[in-house]
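In: With the input below, show me the fold.
(2 chains)
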Amino acid sequence: MQGTLCRKEIGNGAFFSFVTDPKFKSDRISLCFVTPLKKETATVNALVPFVLRKGCRSCPDFTELNKRLALMYGAILDADVAKHGGNQIIQVSLQFTDDRFAIGGEKMAETAAKLLSDIAFDPNLDENGFFPEIDLELEREFLIDTIESDLNDKRVYAIGKALGLLYEDEPFGIKRYGYVEDAKAVTSESLAKAWKDLVKNSRIEIMFAGPGDPIGAEKVFEERIALLEREPITAKKPKMVDYSPLKEGEESLDIVQGKLVMAFRLGAPETEEEKNAARMLSAIYGGTAFSKLFMNVREKMSLCYYADSHFERSSGVLIVDCGIEFENREAAQNEIIRQLELLGEGDFSDEELENTRMAVANSLGSVGDTLYSIESWFMPGILEGKIVTPEEDLCEMKAVTRENVIAMAKRAKLAAVFFLKGGEKE
Amino acid sequence: MSDMVKIENKRLGDCYYKVEHPSGLTILMAPMEGFNTAYAMFGTAYGSIDTTIKTAENGEFRKLPEGIAHYLEHKLFESEECSAFDRYAKTGANANAFTAFDRTAYLFACSDNFEESMEILLDFVTHPYFTPETVAKEQGIIGQEIRMYDDSADWRVLFNLLGAIYHKNPVKIDIAGTVESIAEITADLLYDCYNTFYNLHNMVLTVAGKFDMETVLKVADKVLEPAKDFYLERGICDEPEEVVENYVEQHLPVSVPLFNIGFKGKTGSEADNFRGSILDEIFLAALCDDYTAVYRELYDEGNINATFGSEVFCGRDYITMLISGESREPEKVFERLKKEFEHLVEHGIPKEVFDCAQRTVYGHYMRSSERVTGVATSLFNCHFPGVDMYELIEIAANATPESVIERIKNTYGAENSALSVIRP
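Out: As a prediction, the model looks like this:
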């Protein structure tokens, strides 16, 4: 990709990274509070970005804020929560038109940085220092809807159920948006405290990508963060579980297609070499339109429309999912297991391996072509403390041998199976 | 050597090139400096709505099974020797295809081996191979695709709405058909459809990103044979202006009710629909984007949330303004929007709201021009209506509150609308 990542510490535990690339017409700034993921704080923290999105002291009214964004040529202010390994990430981001396309010659990057900084660090609190009650009540209801909306997408729902079985009490099992009961217990006071804790104790990661000048934006954040009282806490890396006894579950819903999800433990692939072997294994197994699962479960046996695998980097788990006729569960499950065993026996050609590697290279080659993918590429590396470019990653993927893939496939042990079937809800 | 015409837009500082290839195919190319990937789309003006056709001037109209365009798309990937996916596997390209209501596209994205992938694309799409065995094999796969959509609340809420809005227009039919309708599909029928619609005069190739234009033309010269003249007449459905019913609902396992609201428009020519849709987008933004009073009212009542959004659904002979979201009281949302619709039409769009709406739509088209996929897709979508891609952003930039309201008055009516709801 064209731009390289530049990075510096602009405050205690606060970092500003940027990638400059003149080919884009808009810029994107993301600000992340990175905090240890804990079950007790997961829900209240998940609510924080949504109340921050409602306004700030410099623009307290939600509608006025949205007008300001619209007038910045439809700038997009997103607020969301994510998790990565042992970290919870509370994120607000702003994508906006670059200076070159602003009709009045406005300095867009600085204006945007100022607004995002106000949103993150200077929210609209009441006289007690709490979030407004109306914002809390609405956003709490919406968060509960979001938590429950997993059900709307049966594929997402089934994967969530399988991972719930698998992870049990591991930190990876903590839900992204938290828990309904915990959401109900949030008060405007506890919410304000959660925000204050984030500002004080989280690591702050800011990323700027686009053609614009990042220096003005950097200055805005640096000056703001200098005013904060900071005592950053670092999350401990959660330990991967190597193996666990098989857990099985199923559930009935009024649906016409069954969803089968299978999760395999890979014996805790902790090193980069092991993780790369697992990525390559997942790609050759079910990551392309010429993979083992696609060619056999779909094309040969006509059992499904999709059968995909993917490797969860943080927990070291390989997950397969597909949509099938209810009565084909056994046939699909047996074939999915058999294909993985065959990979462990080395039943794949060098050509298949090289073709898969080319597909991986192709996908890495596209990282620099959108602002969002640039950010999504670098952020996990930043969080894990190992920043590599897509080109460097490709070199590592080229070093994965046939033997590495076979060895990784041999390590796979089925650890959870979940089947969503038809009929009335139990 | 084919003649190449350059088309520029000063506002964006962008350009693309148009070639009428001797084979009959139109080729549109947008090289984009600094990008590392190329995105190519090769397709035809043939989709799920093409269910009644006539292929000779003095011939008769015939009915085709529902879902056949989509079935054909799946089967075209196969040749006698292997599947196109096996061929792409050797280039690393990420290949796919889709069937929409009025078009079908085959596409790939790559950062390397562009020439090889381009040759595969042009070759497999122009060389059909269907046998009773390969056709039969696909029944199970597509059957599962149909079932997947049957369980999808987002998909069902849209098609239920289209069923409430359209009396006859085949746009209301599910793109993949039904398990029963696809059972009627045979290899011979697929060849018939292929020979009718996959004529290069009825097709377009668009490419955007990092690639060499000479390479595209060289591959086209090598692979494409001149297409015969062709005759095609599509059945015209005599669609009434009114909707079928104002309300439709279905129960599915969901957490919160989902809704789609549609304002049915009078269709013009395909080009009129496309150009008009930009003004409709500005109207929708002014009606209910997050900076409007209506949005705020519904949001503060807890009747809509961040999933709320709007878009214009348009194509060859249909146009509908769509609004979607989650709500415990979708009827209230529907009534409020109808009232606001009438208010705006009667009193005009306030200047401040109009500025917000216009800039939002303008920004959307500007951002789509900084993505390789956005540019190739826009070239593709604009070709069949015969609209220049850059017209879209110019229409947005030149719109006025009056031009928007004029368009809405002539095309839509608040009462000519429907609400579709999926309830738990």
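
In: going forward, measure contacts and count neighbours with C-alpha atoms only.
Out: OK.

In: residue boundaries of the strands in the stretch 201-350 of chain B?
Out: Counting by DSSP state E, counting those that start in this stretch, one finds strands in the stretch 201-350 of chain B at the ranges B:203-209, B:233-234, B:247-251, B:258-264, B:309-315, B:318-326.

In: Also compute the angle for the longest one relative to strand B:258-264, please.
Out: Going back to what we said before, that points to strand B:318-326. 160 degrees (axes from the mean of the first three to the mean of the last three Cα atoms, to 10 degrees).

In: What's the local residue count around B:E346?
Out: Each residue near B:E346 was counted by other Cα atoms under 10 Å in any protein chain shown, and the total is 11.

In: OK, contacts around it?
Out: For B:E346, no contacting residues are found, by Cα atoms under 8 Å, 6 or more residues apart in numbering or on different chains.

In: Quick check: the gap between it and chain A.
Out: B:E346 sits 23 Å away from chain A, going by Cα to the nearest Cα, to the nearest Å.

In: cool, and B:T186?
Out: In terms of Cα to the nearest Cα, B:T186 sits 18 Å off from chain A.

In: wait, that residue sits on B:P132?
Out: Yes: counting by Cα atoms under 8 Å, B:T186 touches B:P132, with 6.7 Å between them.

In: So for the two, which residue has more residues nearby?
Out: B:T186 (18 against 11).

In: Which of the three states applies to A:A415?
Out: Judged by DSSP: H, G, I helix; E, B strand; the rest coil, the three-state class of A:A415 is strand.

In: Give the burial count for it, as a bare number.
Out: A:A415, neighbours per other Cα under 10 Å, totals 22.

In: ok now do it, which residues does it touch?
Out: Here A:A415 is in contact with A:166, A:243-247, A:262-265 (Cα under 8 Å, 6+ apart).

In: ok, and which of those residues reach chain B?
Out: Taking Cα under 8 Å from any Cα of the partner chain as the test, chain B is in contact with none of the contacts of A:A415.

In: related to what we said a few turns ago, and the strands of the stretch 201-350 of chain B, which one is worst for confidence?
Out: When the strands of the stretch 201-350 of chain B are compared by mean pLDDT, strand B:233-234 comes last with a mean of 86.

In: by contact count, what packs against it?
Out: strand B:52-54 (3 or more Cα pairs under 8 Å, 6 or more residues apart in numbering or on different chains; DSSP states H and E).

In: Let me see the residues that make contact with the strand it packs on.
Out: Contacts of strand B:52-54 (Cα under 8 Å, 6+ apart): B:60-64, B:232-235.

In: most surrounded residue in the residues you listed?
Out: Within the contacts of strand B:52-54, most neighbours by other Cα under 10 Å means B:L64, with 18 neighbours.

In: where's that one relative to B:I185, distance?
Out: B:L64 sits 9 Å away from B:I185, going by Cα to Cα, to the nearest Å.

In: Just give the nearest non-adjacent residue to residue 308, would you?
Out: Here I'm looking at chain A. A:G286 (4.8 Å; Cα to Cα, 6 or more residues apart in numbering or on different chains).

In: Switch to chain B, please.
Out: B:G325 (4.2 Å).

In: Report the rounded mean pLDDT for stretch A:108-125.
Out: pLDDT averaged over stretch A:108-125 gives 96.

In: One more: stretch A:257-270?
Out: Stretch A:257-270 comes out at a mean pLDDT of 97.

In: Report the backbone C-alpha coordinates of it in CSV.
Out: Extracted in CSV, the C-alpha atoms of stretch A:257-270 (Å, rounded to 0.1, in the frame of the first residue of the first chain):
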residue,chain,number,x,y,z
GLN,A,257,-33.2,-23.7,7.2
GLY,A,258,-31.0,-25.3,9.8
LYS,A,259,-27.8,-23.5,10.9
LEU,A,260,-24.9,-25.7,11.9
VAL,A,261,-21.9,-24.2,13.7
MET,A,262,-18.8,-26.2,14.7
ALA,A,263,-15.9,-24.9,16.7
PHE,A,264,-12.5,-26.6,16.8
ARG,A,265,-9.7,-25.9,19.3
LEU,A,266,-6.2,-25.8,17.8
GLY,A,267,-4.2,-26.4,20.9
ALA,A,268,-3.6,-22.8,21.7
PRO,A,269,-1.7,-21.4,18.7
GLU,A,270,0.0,-18.6,20.5
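
In: quick one: buried residues of that stretch?
Out: For stretch A:257-270, the neighbour count (16 or more other Cα atoms under 10 Å in any protein chain shown) marks A:257-270 as buried.

In: ok, now stretch B:354-367?
Out: Within stretch B:354-367, the residues scored as buried using 16+ other Cα under 10 Å are B:354-367.

In: and the one helix or strand A:N404 maps to, what other elements does it pack with?
Out: A:N404 is located in helix A:402-411, with elements delineated by DSSP states H and E. When contacts are defined as 3+ Cα pairs under 8 Å, 6+ apart, helix A:402-411 sits against helix A:272-286, helix A:329-344.
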